[in-house]
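>>> generate a structure from the sequence data that follows.
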Amino acid sequence: MKYAFTHANVLDGSRDMEVQPCMTVLVENDKIVSLKERGSVPEGFEEIDLHDKYLLPGLINAHVHLPGTGKPTNASEASDLAAKVDKSKLMQKVLSSVVKKNILTSLNAGITTIRSVGEVSYRDLANRDMINIGKYVGPRLLACGYGVTVPGGHTDGLMGIPCRTPEECIKVIGDNAAKGADWIKIFVTGGVFDAAVKGEPGVVRMSYELARASCDEAHRLGFKVASHTESTEGVRLALKAGVDTIEHGARMDEEIISLYKENGSAVICTIIPALAIARLPGEMTKMTEVNQYNAEVVMENIIESAKQALANDIPVGLGTDASCPYITHYALWREVYYFAKLCGVSNAFALHTVTLGNAEILGLSDITGSIEDGKCADLIVLEENPLKDLSSLKDVTMVMARGHLLREPKIKRIEYIDQELDKLL
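Alright, predicted model coming up:
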């Protein structure tokens, strides 16, 4: 198909983007082929007159899990379900359907690229393959499959396979590679859900030996490694082991700053899941007082980590940790909003981070993340200017993913979740 978006206020995804008014953007098949001021519409192109609406690159969510909707559940319920899925073809089919719905929710929210960082029973890879062969129109999906954890570690019994030796880590990575994974996920520390006492989120669970073996094998096979890491010592260990992205993050010292720079590693900022658990009543989120206390600790660490990274020219990406309690698959706009508000960046830089910045971290910047000739046609349309109000991102009026146009995107919102989260804005 050939489309001409006319009278568009373009925000191109660059670091200091400004509105480019009255632009014409031509799309042919899955590529942007022209970006011109007041350009004419060539023969054979369908004109879509945006009447001064805002045209942006599609959003990129660098950290999601796909089975949950954001409706709270407890860890034992989730573990029981994961065990049943692994043993049942019927349950795998059901979970694939749930995952598909969540992927499509993301797409309708303007998210045209997702990195899924640990899933049950390879349902992320199954859906990615269905999208890629045209079974349904979805976002670009980078998938990790199962993560590498340790017995009793974070996500053991869920989307992590527990490993005791380097050889067991290598086997999990080999299995993921054989299934067609795009990234490898490891879980170096614990998290909010599994911390036993107040003040102990992010306790180091995985040894340096296992983390290093995982990174070495992943890199040997051509994969980058994402590490769930929520404490300073965990970040130190993970970076020394060679991980490429620190998921969540924690306060840095000078050694950690140097390790980030030596490795060329990035940190993925995920403020909203910790904020929701810390600030909403426990009876809503199904979290204990210990969980809430530790979520506050983690949130402060994540914010400080992002600030320190920005001050030291370390790349920062954005993700939502969707599937956590009260974190829906359409909530990326909230992460962008809080990144600007709590980390002290401009709206333009926040938009850059969730588009081209994330693309650069994920190795996709030559494909997507900005509105440029030759880039993939991943685009969204907004009524209002997000440079003035980032909450305008929640109301996407049109989405294009790799040239496929959704003229009237629709999201089935979970009203009680939105109402409670809106109180925190």
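
>>> tell me where the stretch 301-425 of the chain has helices.
332-343, 347-352, 358-361, 415-422 (DSSP state H, counting those that start in this stretch).

>>> okay, the ones you listed, which one's buried deepest?
Neighbour counts (mean count of other CB atoms under 10 Å) averaged over each of the helices of the stretch 301-425 of the chain peak at helix 358-361, with a mean of 25. C-beta coordinates here come from the backbone N, C-alpha and C atoms, glycine included.

>>> same for it, what does it pack against?
Applying 3 or more CB pairs under 8 Å, 6 or more residues apart in numbering; DSSP states H and E, one finds that helix 358-361 makes contact with strand 59-64, strand 316-318.

>>> contacts for that helix?
With CB atoms under 8 Å, 6 or more residues apart in numbering as the test, helix 358-361 has contacts from 60-62, 113, 245, 266, 268, 315, 317-318, 365, 367-370.

>>> which pair of these spans the longest distance?
245 and 370 (20.4 Å; CB to CB).

>>> next SSE after the lowest-mean-pLDDT helix or strand in the chain?
When the helices and strands of the chain are compared on mean pLDDT, DSSP states H and E, helix 75-87 comes out lowest with a mean of 68. Once the chain leaves helix 75-87, the next helix or strand it forms, by DSSP states H and E, is helix 89-108.

>>> from the chain's centroid, how far away is that next one?
17 Å (CA atoms, centre = their mean, to the nearest Å).

>>> quick check: angle from that helix to helix 332-343?
Orientation check (axes from the mean of the first three to the mean of the last three CA atoms, to 10 degrees): helix 89-108 against helix 332-343 gives 60 degrees.

>>> if we can go back for a sec, tell me which of the helices and strands packed on helix 358-361 is the most buried.
Compared across the helices and strands packed on helix 358-361, strand 59-64 shows the largest average neighbour count, a mean of 29 (mean count of other CB under 10 Å).

>>> can you spell out which helices and strands pack onto that strand?
With contacts taken as 3+ CB pairs under 8 Å, 6+ apart, strand 59-64 sits against strand 111-116, strand 316-318, helix 332-343, helix 358-361.

>>> who are the contact partners of the closest residue to residue 250 other than its chain neighbours?
Take residue 250 and drop its neighbours on the chain: the residue closest to it by CB to CB, 6 or more residues apart in numbering is residue 301, 4.2 Å away. Residues counted as contacts of residue 301 (CB under 8 Å, 6+ apart) are 202, 230-232, 248-251.

>>> try it again with 10 Å
Residues counted as contacts of residue 301 (CB atoms under 10 Å, 6 or more residues apart in numbering) are 201-202, 230-232, 235, 248-252, 274.

>>> how about these in TSV, adding pLDDT, distance to residue 393 and secondary structure?
What follows is the contacts of residue 301, written out as TSV (pLDDT from 0 to 100; distance: CB to CB, whole Å; DSSP: H, G, I helix; E, B strand; the rest coil):
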residue	pLDDT	distance to residue 393	secondary structure
201	89	29	coil
202	94	30	coil
230	98	27	coil
231	98	31	coil
232	98	32	helix
235	99	29	helix
248	99	22	strand
249	99	23	coil
250	98	27	coil
251	98	29	coil
252	99	29	coil
274	98	20	helix
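
>>> can I see the domain layout of the chain?
Per automatic domain parsing, the structural domains of the chain span 2-57+369-409, 59-361.

>>> return the most buried member of those.
It is domain 59-361: most buried of those by mean count of other CB under 10 Å, with a mean of 21.

>>> regarding the nearest residue to residue 371 once chain neighbours are set aside, which helix or strand does it belong to?
Leaving aside its chain neighbours, residue 371 sits nearest to residue 12 (4.4 Å; criterion: CB to CB, 6+ apart). Residue 12 belongs to no helix or strand when assigned by DSSP H and E.
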